[in-house]
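**Q** from the sequence below, what's the structure:
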Amino acid sequence: MNHLYFGDNLKVLRESIQDESIDLIYLDPPFNSKANYNILFKSPKGHDSDAQISAFDDTWHWGEQAEREYKEILHQGNTNVAEMMESLRRFLGENDMMAYLTMMANRLLELHRVLKPTGSIYLHCDPTASHYLKIVLDGVFGVRNFKNEITWKRKTGRGETNLKSNRFGITTDIILFYSKTDKNLFNSQFNSNAAGYQEYIDKFFRHIDEKGRRFRIDNLASPSPRPNLIYEYKGYPPPEKGWAISKDKMEQWDNEGRLYFPKNKSGRIQRKRYLDELKGKPVQNLWDDIEMISSHSAERLGYPTQKPVSLLERIIQASSNEDDTVLDPFCGCGTTVHAAQKLNRQWVGIDITHLAISLIEKRLNDSFPGIKYEVHGTPKDIGGAKDLAERDKYQFQWWACSLVNAQPYQGKKKGADGGIDGLIYFLDDKGKHKKIIVSVKGGSNVGVSMIRDLKAVVEREKAEIGLFVTLADPTQPMNTEALKAGYYTSPATKTDFNKIQILTIEGLLNGTQRADFPSEKSFGSHTFKKAKKEEQQTQEQLSFEDT
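**A** Here you go, the predicted structure:
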């Protein structure tokens, strides 16, 4: 079963993920770039500015939590990490970077614990902290288990748009690849679209056999002396240092038509390499063939740090097999779990915002109809909803908006919402898109004045319908006031819909209530960008082994 967790990944890892249960970890943590990332949902033309909210603040500060996590590092069993972090603190001091590295070190220690001995970890980062993160990874996983520093060319063009910049443009990210032991699983990857690949084919694959198969010839001589492999074959003398393969293998390749015999017996037997068996150019540590997601890409869902599925597919195919388990502890909009599902892996995703969890659920359900997975940490009943509302007002609002498939509105600034917590767009005729205002109340006291306020917002925003989503049960005066607002009549179907609708969290959870508006069959399709339906793939197996 696949699992999606809402919560702090440190707590989830410690409480829910067993030792040595994960085959592959990919993480794309915040880079400490001090950026406030906005997320832009799909909205009808002219409404884009409405749909911007803060996805997360990519900033860390030294404070009580950082000090607490730092002390945990000093008292855990890996003394190398403890000494390394002490050295970094002496060098950096108690600043934002040290807070960030402390947070990462604690989580990397847990990721090391849950990784299988054959497992690997890929940490995606940018130049802001990559050099420090590599030191932390050396401490946690060991210098000997460093595999690659992969450079992903995520941008083309000049990079820096500011012509007055006093540095070169930044067009790359770094992916640090480590294993837990020297027994890590690895499947070589190949690229048939690499630069210069076609020129290589045209230059070397110049021969065609009697079946019309195109091939090149390749040396079968051993590069170093192999006395036990010096033998004559079909009248052809051996090379000075012997053949590269045994006589049995020579006979096997001969029967399979994989040997090239020159007409002159004094010539050298060579191997045929067929073009139709060529997988492509072996992928090295410079990845310049995977483009970032453009603003017009069909894959783009609007999440600020969204990575292309093809990037994750390469990592997952390289370091896992089908039915292995892939973990992403900072799963954002869910690209890792999407790619893992597509490639028939098991997966675990963790994120600290309900916004991300809601987006991932919608993405998976759109892309893989009928998919089965379990969500942990989100409220399942009224008690859980009350607990979330008390702990975090904004997470509760984001989660409540997901119950009616609404976009969360604006950010966390006090007073910024203007009485709007969420938006829904629908289309029920040939005219422009219509708008629904969502107001969420997580307090225990609600009253008729709140319904009047929502009516005023609906009128101000020229919306067709207002949804009042409440944790507490509405009063009779509230229901009466809502009915007084009248109806929205669909011009397409002439159906009447209550202009103000009161929905309780309990009713939405148990399925006894739902938002009522036109285009019910395409519910939410004009509010969120829909991920394309995917066909799950199987991993391509190697056709034969070289000896």
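**Q** would you state the strands of the stretch 101-250 of the chain in chain order?
**A** Along the stretch 101-250 of the chain, counting by DSSP state E, counting those that start in this stretch, strands occupy 115-125, 146-153, 172-179, 190-191, 207-208, 214-218.
**Q** could I get these as JSON lines with mean neighbour count and mean pLDDT?
**A** Just so you know, the C-beta spots here come from the backbone N, C-alpha and C atoms, and that holds for glycine as well. JSON lines is the format used below for the strands of the stretch 101-250 of the chain (neighbours: other Cβ atoms under 10 Å; pLDDT from 0 to 100):
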{"stretch": "strand 115-125", "mean neighbour count": "22", "mean pLDDT": "97"}
{"stretch": "strand 146-153", "mean neighbour count": "16", "mean pLDDT": "96"}
{"stretch": "strand 172-179", "mean neighbour count": "21", "mean pLDDT": "95"}
{"stretch": "strand 190-191", "mean neighbour count": "16", "mean pLDDT": "86"}
{"stretch": "strand 207-208", "mean neighbour count": "13", "mean pLDDT": "91"}
{"stretch": "strand 214-218", "mean neighbour count": "17", "mean pLDDT": "93"}
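**Q** quick one: which of the ones you listed is nearest residue 106?
**A** strand 115-125 (14.3 Å; Cβ to Cβ).
**Q** sorry, back to before: so which of the strands of the stretch 101-250 of the chain gets nearest residue 396?
**A** Per Cβ to Cβ, nearest to residue 396 of the strands of the stretch 101-250 of the chain: strand 115-125, 30.4 Å.
**Q** CA-only coordinates of that closest one in CSV, if you can.
**A** C-alpha atoms of strand 115-125 as CSV (Å, rounded to 0.1, in the frame of the first residue of the first chain):
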residue,chain,number,x,y,z
LEU,A,115,17.2,3.1,4.0
LYS,A,116,18.0,-0.5,3.1
PRO,A,117,21.6,-1.6,2.8
THR,A,118,21.1,-1.7,-1.0
GLY,A,119,19.4,1.7,-1.1
SER,A,120,20.4,5.1,-2.4
ILE,A,121,19.6,8.7,-1.7
TYR,A,122,19.4,11.7,-4.1
LEU,A,123,19.4,15.1,-2.6
HIS,A,124,18.4,17.9,-5.0
CYS,A,125,19.8,21.4,-4.1
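**Q** who are the packing partners of it?
**A** Strand 115-125 is packed against strand 22-27, helix 130-141, strand 146-153, strand 172-179, helix 309-319, with contacts defined by 3 or more Cβ pairs under 8 Å, 6 or more residues apart in numbering; DSSP states H and E.
**Q** which residues sit against it?
**A** 20-29, 31, 111-112, 133, 137, 141, 147, 150, 152, 173-181, 183-186, 307, 315, 319 (Cβ atoms under 8 Å, 6 or more residues apart in numbering).
**Q** ok, now which ones touch the residue nearest to the spatial centre of the chain?
**A** The residue lying closest to the centre of the chain (Cα atoms, centre = their mean) is residue 335, at 2.7 Å. Counting by Cβ under 8 Å, 6+ apart, residue 335 touches 306, 307, 308, 309, 311, 312.
**Q** same thing but 7 Å
**A** 306, 307, 309, 312 (Cβ atoms under 7 Å, 6 or more residues apart in numbering).
**Q** quick one: residues contacting residue 513.
**A** By Cβ under 7 Å, 6+ apart, the neighbours of residue 513 are 503, 504, 507.
**Q** most neighbours among these, which one is it?
**A** residue 503 (21 neighbours; other Cβ atoms under 10 Å).
**Q** what's whichever strand or helix holds that one in contact with?
**A** Following DSSP states H and E, one finds residue 503 within strand 500-504. Strand 500-504 is contacted from outside by 404, 451, 454-455, 465-470, 473-474, 478-479, 482, 485, 513, 515-516, using Cβ under 7 Å, 6+ apart.
**Q** in strands, which of these appear?
**A** In strands, judged by DSSP state E, the following of the contacts of strand 500-504 are found: 465, 466, 467, 468, 469, 470.
**Q** quick check: the closest residue to residue 265 other than its chain neighbours vs residue 269, distance?
**A** Closest residue in space to residue 265, ignoring its immediate chain neighbours: residue 235 at 5.2 Å, by Cβ to Cβ, 6 or more residues apart in numbering. Distance, residue 235 to residue 269, using Cβ to Cβ, to the nearest Å: 10 Å.
**Q** ok so, going back, could you export the strands of the stretch 101-250 of the chain as a markdown table, including distance to residue 87?
**A** Shown next, in a markdown table, are the strands of the stretch 101-250 of the chain (distance: least, Cβ to Cβ, whole Å):
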| stretch | distance to residue 87 |
| --- | --- |
| strand 115-125 | 20 |
| strand 146-153 | 19 |
| strand 172-179 | 20 |
| strand 190-191 | 40 |
| strand 207-208 | 60 |
| strand 214-218 | 51 |
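**Q** tell me the domain ranges of this protein?
**A** What the record gives for the chain is the domain set 2-34+117-188+283-376, 197-277, 382-522, from automatic domain parsing.
**Q** out of those domains, flag the one nearest residue 102.
**A** That would be domain 2-34+117-188+283-376 among the domains of the chain, by Cβ to Cβ, at 9.5 Å.
**Q** what's the end-to-end length of the closest one?
**A** 11 Å (Cα to Cα, to the nearest Å).
**Q** repeat for stretch 484-492
**A** 24 Å.
**Q** before we move on, back to that, partner strands of the strand holding residue 503, parallel or antiparallel?
**A** strand 465-470 (parallel) (DSSP bridges).
**Q** the contacts of strand 500-504, buried ones only, as a ChimeraX selection?
**A** Of the contacts of strand 500-504, the buried ones can be selected in ChimeraX as follows, counting by 16 or more other Cβ atoms under 10 Å:
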select :404,451,454,455,465,466,467,468,469,470,474,478,482,485,513,515
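**Q** point out where the stretch 351-500 of the chain drops to low pLDDT.
**A** Applying pLDDT under 70 to the stretch 351-500 of the chain flags the ranges 410-417, 431.
**Q** strands of that one, start to end?
**A** 373-376, 407-408, 422-426, 434-441, 465-470, 487-489, 496-498, 500-504.
**Q** pipe those into a markdown table and attach distance to residue 276 per row.
**A** Listed next are those as a markdown table, based on distance: least, Cβ to Cβ, whole Å:
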| stretch | distance to residue 276 |
| --- | --- |
| strand 373-376 | 39 |
| strand 407-408 | 49 |
| strand 422-426 | 50 |
| strand 434-441 | 55 |
| strand 465-470 | 59 |
| strand 487-489 | 62 |
| strand 496-498 | 60 |
| strand 500-504 | 60 |
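**Q** the longest helix in the protein is where?
**A** helix 96-114 (DSSP state H).
**Q** so what angle separates the directions of that one and strand 22-27?
**A** 170 degrees (axes from the mean of the first three to the mean of the last three Cα atoms, to 10 degrees).
**Q** now do helix 96-114, average pLDDT.
**A** For helix 96-114, mean pLDDT rounds to 94.
**Q** next: stretch 72-90.
**A** On average, stretch 72-90 scores 95.
**Q** how distant is that stretch from the center of its chain?
**A** Distance of stretch 72-90 from the chain centroid (Cα atoms, centre = their mean, to the nearest Å) equals 30 Å.
**Q** buried residues of it, list them for me.
**A** 73, 81, 82, 84, 85, 88, 89.
**Q** need the contact partners of it.
**A** Counting by Cβ under 7 Å, 6+ apart, 70, 98, 101, 102, 105, 106, 109, 135, 139, 140 sit against stretch 72-90.
**Q** ok, now how distant is the third one from residue 408?
**A** With the distance defined as Cβ to Cβ, residue 101 ends up 31 Å from residue 408.
**Q** for PyMOL, write a command that selects the buried ones of the contacts of strand 115-125.
**A** In PyMOL syntax, the buried subset of the contacts of strand 115-125 is picked out as below (16+ other Cβ under 10 Å):
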select buried, resi 22+23+24+25+26+27+28+29+31+111+112+133+137+141+147+150+152+173+174+175+176+177+178+179+180+184+185+307+315+319
